[in-house]
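Asker: sequence unknown, structure follows:
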């Protein structure tokens, strides 16, 4: 709950700073589960007249969650030592693999380790 409170309330429009891989993984999993549940409700109620209402709710939730998710991705790119502008390359076919690597697998960039090497 602390991660959700931080992402959805405290840092909703914060595109500066850093976010850990744990925050990204937890938020991604919760967002995915929520989207799957709303999609399942859309499919299971296909014969009802409530489909339009559930679809509208699904779209609204996705739009509301999109802004904090983008800010979280930019902060995670900063945490891995990269520019947040790398997020624009997520739509380029070959380069998106490298961007996903930077988001989910690249360790935290630490300024002190670079200074100690020099």
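Answerer: Right, received. Where do you want to start? Just so you know, these numbers come straight off a predicted model, no measurement behind them.

Asker: how about the helices in this structure?
Answerer: 2-5, 21-44, 51-79, 95-104, 111-117 (DSSP state H).

Asker: how about the longest one: buried residues?
Answerer: In terms of neighbour count (16 or more other Cβ atoms under 10 Å), helix 51-79 has its buried residues at 54, 58, 65, 68-69, 71-79. Glycine gets a C-beta too; all of them are placed from N, C-alpha and C.

Asker: the fourth one now?
Answerer: Applying a neighbour-count criterion of 16+ other Cβ under 10 Å, the buried positions in helix 95-104 are 99, 102, 103.

Asker: same thing with the shortest one?
Answerer: For helix 2-5, a neighbour-count test (16+ other Cβ under 10 Å) marks residue 3 as buried.

Asker: show me what it is packed against.
Answerer: Under the contact criterion of 3 or more Cβ pairs under 8 Å, 6 or more residues apart in numbering; DSSP states H and E, helix 2-5 touches helix 21-44.

Asker: pull the contacting residues for the residue nearest the centre of the chain.
Answerer: Here the mean C-alpha position of the chain is nearest to the C-alpha of residue 69 (Cα atoms, centre = their mean), at a distance of 3.6 Å. Applying Cβ atoms under 8 Å, 6 or more residues apart in numbering, we find residue 69 in contact with 27, 31.
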